[in-house]
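Enquirer: next comes the sequence, and after it the predicted model I'd like to discuss.
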Amino acid sequence: MRPINKIGYTLAAVLLLACLAASAGCVGTDAGGNGRAAPTSPEATASPGVTPAQPSPDGLIGEGEARSLAAAALEREIPGIRIERMTAEPYDVQTYGDVWRFRVKAEDDRDPADDITVWIDAVDREMVHFQDGRDYFRSADPAITIDAAEKIADAYLRERNERSDVVKTDAALSMVDTPLGSRNGPYHFVYHRSIDGVLCQFDTIILAIDSINGRVVSYSKFWKVSNNDTMADPEPSIPEDGVQERVLAYLNDTYGKDPGEFAIRSTELRWYDLIARQRPSTEPVAVPLAWHITFDDERHRSQDPPRAAEIWMNAHSGEVLSANYNPGW
């Protein structure tokens, strides 16, 4: 059996929020911008049943159709569920993109809180997130192993015809500290999308498997690279050792730092799909192939915990696509 990595509950939230932050603005703008307007939203009702779809611009579905799709999705994910209440969250395109979000209470729930959530993409009508937060954390130790949970996660993705398109990059048991002691949560699995053998940085799927009964209790899909987008040649023109030299030269030219002050920590070839997440419209974009380089200096290493900086460099042209380095810490 492989060792179990335990993570705090906040890591799962950080993964979710990081993807949402990267997505913000990818399909909408503020009132003064040029992005699509939010579809018309009728006042939220308590009925979980089918309601007429509201007319909406640019092919976006309204709350009525999204509500019907959400109810059908929950019936697949939680067989036998009887929905007592389904409430629509405010339509927030700036934070979540074109997504309808619903909070749900089942008839047999003892807790009055709406601990079930489901999100429907307003463009392609697909369920992109659900979570059953009831009994999410327990005092009991896991009853299934992380290997068994991974098999369940893989089978779930195969049922959705998504397993062949992703590569698992992280697996861990979530946990939370409470006044009554530590509580174990589900196993979390992170899968990055693979295109032409290269992983995307932001297009991901995150699954949570209950560590007691093996049930899928959460699914989140962040998929923004479309079939109409143009992908660069997956074979880099600049080799790995060459890009490290270029990064050190860039740091010297930009910050006046001697290359000897830096240590390269990792160099990975990825699709720089942030451009797809932040597209200002539905028009196709060209997704560049990039080297993702993490590095540090003495100041970063002295932090508690140690920190690292990063640079994204186009793997063909050598252009610096983004840099996250603060020499003045």
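Expert: All right, it came through fine. Numbers count the residues shown, from 1 in each chain.
Enquirer: low-confidence ranges, the chain, go.
Expert: Counting by pLDDT under 70, the low-confidence segments of the chain come to 1-58, 111-114, 329.
Enquirer: the helices in it, which residues?
Expert: 9-23, 63-77, 93-96, 146-159, 240-255, 274-277, 298-301 (DSSP state H).
Enquirer: and the ones you listed as CSV, adding mean neighbour count and distance to residue 210?
Expert: For glycine as for every other residue, the C-beta is placed from the backbone atoms N, C-alpha and C. Shown next, in CSV, are the helices of the chain (neighbours: other CB atoms under 10 Å; distance: least, CB to CB, whole Å):
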stretch, mean neighbour count, distance to residue 210
helix 9-23, 16, 13
helix 63-77, 21, 13
helix 93-96, 18, 26
helix 146-159, 17, 8
helix 240-255, 16, 40
helix 274-277, 22, 30
helix 298-301, 13, 38
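Enquirer: now for those, which one comes closest to residue 184?
Expert: helix 9-23 (10.2 Å; CB to CB).
Enquirer: out of the helices of the chain, which is closest to residue 194?
Expert: Here helix 146-159 is closest among those (CB to CB), at 12.7 Å.
Enquirer: gap between residue 157 and residue 197?
Expert: Distance, residue 157 to residue 197, by CB to CB, to the nearest Å: 19 Å.
Enquirer: ditto for residue 177
Expert: To residue 197, residue 177 is 41 Å away according to CB to CB.
Enquirer: out of the helices of the chain, the one nearest residue 130 is which?
Expert: Ranking the helices of the chain by their distance to residue 130 (criterion: CB to CB) puts helix 63-77 first, at 5.4 Å.
Enquirer: from the chain's centroid, how far away is the closest one?
Expert: 21 Å (CA atoms, centre = their mean, to the nearest Å).
Enquirer: name the helices or strands packed onto it?
Expert: Using 3 or more CB pairs under 8 Å, 6 or more residues apart in numbering; DSSP states H and E, the elements in contact with helix 63-77 are strand 83-88, strand 99-106, strand 116-121, strand 127-132.
Enquirer: any chance of these in CSV, with distance to residue 309 and mean neighbour count too?
Expert: CSV is the format used below for these (distance: least, CB to CB, whole Å; neighbours: other CB atoms under 10 Å):
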stretch, distance to residue 309, mean neighbour count
strand 83-88, 41, 18
strand 99-106, 32, 22
strand 116-121, 33, 23
strand 127-132, 31, 22
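Enquirer: any chance of the ones you listed in TSV, plus distance to residue 145?
Expert: Putting these into TSV (distance: least, CB to CB, whole Å) gives the following:
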stretch	distance to residue 145
strand 83-88	33
strand 99-106	29
strand 116-121	27
strand 127-132	21
